[in-house]
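Peer 1: quick check, what structure comes out for this input:
(chains A, B, C, D and E, ligands or ions: 4)
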Amino acid sequence: GSGDAGADGSGKVTFLSYLPLETLSLTPELLAVAGGHFKKHGLDVTLQPVKGSPQAMQTLLSGIAPITRLGQIDVMTAVADTGQPLVTIGTLSRGSSLRFVYSKKRHPLAKPEDFVGQTMGVPSEGGTSDKVVSLVLANAGIDPEQTKRQVVGLTPGTFSLVEQGRLAGYVVSVDTATILTAQNPDVGLFNPGETVKSDLQVYVTSKDALKNDSGTLQAFMAGIDDALSAIVADESLDETVKQLRTRYSFATLDDDKIAKASLTLLRESWTGGDPSKPLLVTDQAAWAAGYTELTAAGLAKSGADAGSWFDNSLLPKA
Amino acid sequence: MTRERSRRLLPWLSTALILLAFFVAWDVFVRVTGVSELVLPPPLTVAESLVTVVTDPLTWQHAQVTAIETIGGFLIALVSGVAVGVVLGKVAWIERGLRPLIVASQVVPKVALIPLFVIWFGFGMTSKVVMSAMLAFFPIMLNVQLGVRSVEAGQREVMRSLNASRWQTFRHLELKSTMPYVFAGMEVGIVFAIIGTIVGEYLGGSEGLGYLVVRTLNELNAPALFAVIILLSVLGLLLYFAVHGLKRFFIPWHESVYGLQDGNR
Amino acid sequence: MTRERSRRLLPWLSTALILLAFFVAWDVFVRVTGVSELVLPPPLTVAESLVTVVTDPLTWQHAQVTAIETIGGFLIALVSGVAVGVVLGKVAWIERGLRPLIVASQVVPKVALIPLFVIWFGFGMTSKVVMSAMLAFFPIMLNVQLGVRSVEAGQREVMRSLNASRWQTFRHLELKSTMPYVFAGMEVGIVFAIIGTIVGEYLGGSEGLGYLVVRTLNELNAPALFAVIILLSVLGLLLYFAVHGLKRFFIPWHESVYGLQDGNR
Amino acid sequence: MPTDSAETLHQSTNARPPAPAKLQLVGIGKEFHTKRASTHALSDIHLTISDGEFVSLIGRSGCGKTTLLRMLAGLLSPTTGQIMVEGRSLWNGAKVDSSVVSQLGVVFQEANLFPWYSVADNISLPLRLRGLDGRQRRERAYELAELVGLKGFEKSYPRELSGGMRQRVAIARALSIRPKLLLMDEPFGALDALTRERMNIELQRIALATKATVVFVTHDITEAVFLGDRVVHLTPRPGRIRRITSVGFERPRGIDVQTEPEFGAIVRDLRHALDEEE
Amino acid sequence: MPTDSAETLHQSTNARPPAPAKLQLVGIGKEFHTKRASTHALSDIHLTISDGEFVSLIGRSGCGKTTLLRMLAGLLSPTTGQIMVEGRSLWNGAKVDSSVVSQLGVVFQEANLFPWYSVADNISLPLRLRGLDGRQRRERAYELAELVGLKGFEKSYPRELSGGMRQRVAIARALSIRPKLLLMDEPFGALDALTRERMNIELQRIALATKATVVFVTHDITEAVFLGDRVVHLTPRPGRIRRITSVGFERPRGIDVQTEPEFGAIVRDLRHALDEEE
Ligand SMILES: Nc1ncnc2c1ncn2[C@@H]1O[C@H](COP(=O)(O)OP(=O)(O)OP(=O)(O)O)[C@@H](O)[C@H]1O
Ligand SMILES: Nc1ncnc2c1ncn2[C@@H]1O[C@H](COP(=O)(O)OP(=O)(O)OP(=O)(O)O)[C@@H](O)[C@H]1O
Ligand SMILES: [Mg+2]
Ligand SMILES: [Mg+2]
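Peer 2: Ligands and ions are numbered 1, 2, ... in the order given. This next block holds a predicted model:
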């Protein structure tokens, strides 16, 4: 029932985003707000940016906000290693939302073997990007230690470190990758999703919230589902872009070409290339495979029952 | 006459000249080293972007938020810094006891405290105000402590011989005598208050110039990033000079102010 | 005798008591509010984790890196802060000219400068040392400036009447007279030097306690995170007290030190 | 020689008028300890000062005059002995009886003015601490400024004054509350002969009018004799009372008392005693 | 009255021995400006001091003695007029001729010691600035400490000294370099009679031995006459030279010169002139 959405009945919900709000990666949430999809389900959603996944998890678990979106890798390691009471209630993307940026001239990164003996830039030590790099190597049978990591901040000038050869490449979000390729023809992209199965984006709540606030969560997922369906239905993406621009303005959205290119890529990752499949549903097999991949690479403790970490019951019945 | 006038103009002239020199050096640096525009855009590009940024009314809202947070944090730091500084400056055993906690509270990486701040103060401005106050507090507090301890023994004896209460001694002697130290602390404090606000906005939030920094970083828009930095610097300067102006108003009798007016030397 | 002894013990006792009170308050807070362990683990859990962290020799390597970077940055800040502070304190027009640049350099968000730093200084320790020096510089510089300006007019006249050179005046009068200010600046400076190092390690690096903070945070290992923070605080305290100890050694004649030894009052 | 001093002390104690005791110094001694050495500044000081009495204190530079005065002012605790003010002990351990301090006016050897206050504000600071309103304070400050010859300088700041002018501000400050017990440490040291003479007359008048008890340190023997009911002579290292001389002339005294042969004799005597020291 | 002063000046200028001029003050005037008001401290000072001469400067508190001395010391620039030292002008605009300053010894009205240095280090600071080695400095410092009666206090710090002891340290500091031109601002103000007398004798001896020219500010008329070849009397607001009195006695003078009738006459005359002022 979407009637008693919020805990206090007013329908106010805070969604935590470890990504800044000015990115198309956040399109489902942005559109759900801008296009009134949350409102339709009785929710007044505040999108609240926080710095990084750990902080999103901390804030979620301290009960300030009931829902967030995280990388599946982070959720799995958190639950497996430190037993955090997190529950996945929906899977957004079926592919990786990260890209490795490299210089075509200097040192192309076409296959995992190209990483050996190189330095990869990651936004933070031990974070998602770092693990994805490890997974790419591990899945190819290469010792992850063969590639050095270097923490670098995301700034406009970071790519020049690649051009100078101080880094072989660095990890960015799909969004940033789009800007970079538009800025510089020398930018090449490596999609880790081609080899890594577990780098998916999932909606996460805490066990407490799930117990006490399932109505709100259900309404939230319904809003997201509506927004996603609208984008999938909007073949040209004109309507989506238009609606987003009524409320938001940032570089990638303001540029028609970049916006549509990014959205097309994103849409593909949400549907997994097959528009007939139900959106947001967490696929039991893919989930289990992701966990296996992580434990095999030594990135998560093995032996846990991963199947109990997600719950599809809050999704709108197709 | 002319000497007098040139003496008054000199500082402004030197400010202008040094700023000019700085921008020229920046431009030359960019040209000579051929550093990527994305790492350090040339000043003219930044200037263009600055015009765009400045003409956007949203920018002013963000600047206002940052200013309010900074001033709020600074005022909290000032009041608490003076209060704590006075107490710690006078009561040695409290100082010894609290010092570890105070030093520790300073070196704690703020990023670890963010979730606590969010729980206590929410996502709004408060947590940035607190961050700002935390950074500004220490220099103010420590300078006040030094000031209270540096009160001249002879003057202190005058107050004692007048049977002055603690409060009177504070008001007529310690406060006045500590003022120059407080102001030095304040000048450091206001600058660190801005840093605190920016860090706070950087670590979480969707308002303020710190947020604009994050945003331009994410958009990989180097000219806009540097334009925001220039805005920030201007804000910093305004606040700094406000404090500095207060000093000339409040302690005209102190060597550090009086000595500069000179003419009698 | 007993009074004397209790007076000597009191500060240590108060330190211990206040620390104890702090940990008890922390524990009670965690229990009462039931705050998530991920946000603030109870002190005992942190203590356990501290044992693990401390017994790991790698931790000591990281601590060493942080300490070296901090001390390096601090020393640079000290030397440059004193030099610049003296010059700006004495030559008003240079001060007026440079002040905007100095204030601006302080409020620039360091994250925007990282690529420049990396290009100039590489990924190693240097960029953290620079960051650390940048933060510590300002309070030292400003305090030195105040100190130089606060030199007593009468004492200055003695030096002038002795036909002392600028260097001699500096060495025998300004330096000594400014010492208390320098030390107040240094006490703030060393703390900010640590903050600078941590921020530097946080923004880029794979060594040091700042790096451990990031790693434990990403591992969601809150107890370890807080254990590292405690380590950091201890490091901060050690460095702080080192500076503080230097003060008692170097300026025993100053009220702020001498006044505390008392007994003659 | 201690015997000599004790004897003289005894003689003059008998000669003292039988007024009630205002101040009693009983076996006062003071040692300063520094890391390097310790100085025995005062030793075994016995002295009783009656109400309304004017006592001059003379002695070589460094003999402990300032130290003694600071102990009387409650600024320094004696190492040994007791100070009684109106029968109540001034020092209780390291604590001072503040009711005694409140009747005190002290002129220090250094002016110790507050650079942030004008001359008038410096003079009236003690009144301000007692809660007098602005008008009253101003009036009294201007009155006192005129008294000490600083008319027209009321709004000046200490740094704009000459050494002697500063000292006079300090004197005016001490007088502002009409103290019952006035402690003065070489108050007229930086003044010229004429100003000094005038201040002597004024001080005498004020002391008598307010019935104040005065302890007055000076290097000028004539001044000491002119002003004092008794003149206490300290000898140095450690400071001891060498001799107490009573001055018989009735107060107030006019300038011409200085021409009296007896006055001259006392001055000569004291000078001789001081010269003899070594 | 200016006419009176001009006349007297003229007379005594004639009476002066025809030694070469060490110091020439030509039409010196000084005004202080503050935001609030301006003070005309000195006006129209003409004075020529010959080499080796000892000039005493007397006058009421606040009449401009310190101001004049500070200008001679190169610490304060005159508003009008010229100061010539050995024919070279001391002040060139706001700049000081440093070759003149290097022959200077100055005793300020306040001791202005450096609290971070011991007594010995304070005394020998001028020697240190001239590059003397540690042993020589130490020797001279101990010698001077004894001269000013501070034997045994060489290692003390200023805060451990009495007011008079501090002043004596300042005197020793000024003497340490055997200055050719000695400027002293009430150097013996805080000293007792005996110490003062001794210091007078010593100062006289040193001045003659080093052939130093001395300008000596004092409030003690007897001292002024005892020490000075000439006594310059300033009147206040603005400070002008009222009268210059030559003292005929040959230097060095013994204490007994004070008993000579002529000495007494000069002192009386000066006292009279000071008293008359108003
Ligand atoms: N704080 C102190 N620490 C150590 N010694 C001190 C201190 N204060 C005073 N003394 C010593 O005590 C002695 C007496 O000093 P005091 O100031 O009382 O002398 P005084 O009689 O006032 O001399 P003066 O006439 O020069 O002012 C001196 O030998 C001095 O060195
Ligand atoms: N820095 C200053 N600013 C303004 N006025 C000043 C300043 N210095 C001195 N004066 C004024 O100049 C006059 C002369 O002062 P000066 O110090 O020369 O007197 P003095 O003769 O040395 O007196 P004393 O015997 O009291 O030391 C005084 O009226 C004083 O107020
Ligand atoms: Mg004394
Ligand atoms: Mg003077």
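
Peer 1: what distance do you get for B:Val129 to chain C?
Peer 2: 17 Å (Cβ to the nearest Cβ, to the nearest Å). Quick note: C-beta positions are derived from backbone N, CA and C, even for glycine.

Peer 1: check contacts around that residue.
Peer 2: By Cβ atoms under 8 Å, 6 or more residues apart in numbering or on different chains, the residues touching B:Val129 are B:69, B:72-73, B:76, B:197.

Peer 1: please apply the same query to B:Gly210.
Peer 2: B:66, B:128, B:197-202, C:109.

Peer 1: what is the neighbour count of D:Gly264?
Peer 2: 13 (other Cβ atoms under 10 Å in any protein chain shown).

Peer 1: nearest to B:Val151, out of the contacts of B:Val129: which one, please.
Peer 2: B:Val151 has its nearest neighbour among the contacts of B:Val129 in B:Ile76, at 25.5 Å by Cβ to Cβ.

Peer 1: wouldn't the closest one be in contact with B:Ala133 here?
Peer 2: Yes - with contact defined as Cβ atoms under 8 Å, B:Ile76 reaches B:Ala133; the gap is 4.0 Å.

Peer 1: comparing those two, which residue is more hemmed in?
Peer 2: B:Ala133 (27 against 18).

Peer 1: residue contacts, the more buried one?
Peer 2: For B:Ala133, the contacting residues are B:72-74, B:76-77, B:80, B:193, B:196, by Cβ under 8 Å, 6+ apart.

Peer 1: coming back round to it: for the contacts of B:Gly210, pick the one with the most neighbours.
Peer 2: Counting by other Cβ under 10 Å, top hit in the contacts of B:Gly210: B:Thr197 with 35 neighbours.

Peer 1: can you tell me the helix or strand for it?
Peer 2: Using DSSP states H and E, B:Thr197 falls within helix B:175-203.

Peer 1: then A:Tyr203?
Peer 2: For A:Tyr203, the element it lies in under DSSP H and E is strand A:201-206.

Peer 1: again, but for D:Phe32
Peer 2: Using DSSP H and E, D:Phe32 falls in strand D:21-33.

Peer 1: tell me if that strand is near chain C.
Peer 2: Yes - interface with chain C: strand D:21-33 contributes D:32-33 (Cβ under 8 Å from any Cβ of the partner chain).

Peer 1: tell me which other helices or strands that strand touches.
Peer 2: For strand D:21-33, the packing partners by 3 or more Cβ pairs under 8 Å, 6 or more residues apart in numbering or on different chains; DSSP states H and E come out as strand D:38-50, helix D:65-72, strand D:80-85, strand D:213-217.

Peer 1: who does it pair up with?
Peer 2: Sheet pairing for strand D:21-33, assigned by DSSP bridges, gives strand D:38-50 (antiparallel), strand D:80-85 (antiparallel).

Peer 1: and that strand, what's buried?
Peer 2: Neighbour counts using 16 or more other Cβ atoms under 10 Å in any protein chain shown place D:21-26, D:28-30, D:32 of strand D:21-33 among the buried residues.

Peer 1: what ranges does the chain have for its helices?
Peer 2: Let's take chain A. A:27-34, A:37-40, A:52-61, A:72-82, A:128-139, A:158-163, A:174-183, A:207-212, A:214-233, A:238-247, A:251-254, A:256-271, A:284-296 (DSSP state H).

Peer 1: hmm, I had chain B in mind actually
Peer 2: Using DSSP H, helices in chain B cover B:2-33, B:43-55, B:57-90, B:92-107, B:110-121, B:125-149, B:153-161, B:166-168, B:175-203, B:208-218, B:222-250, B:255-261.
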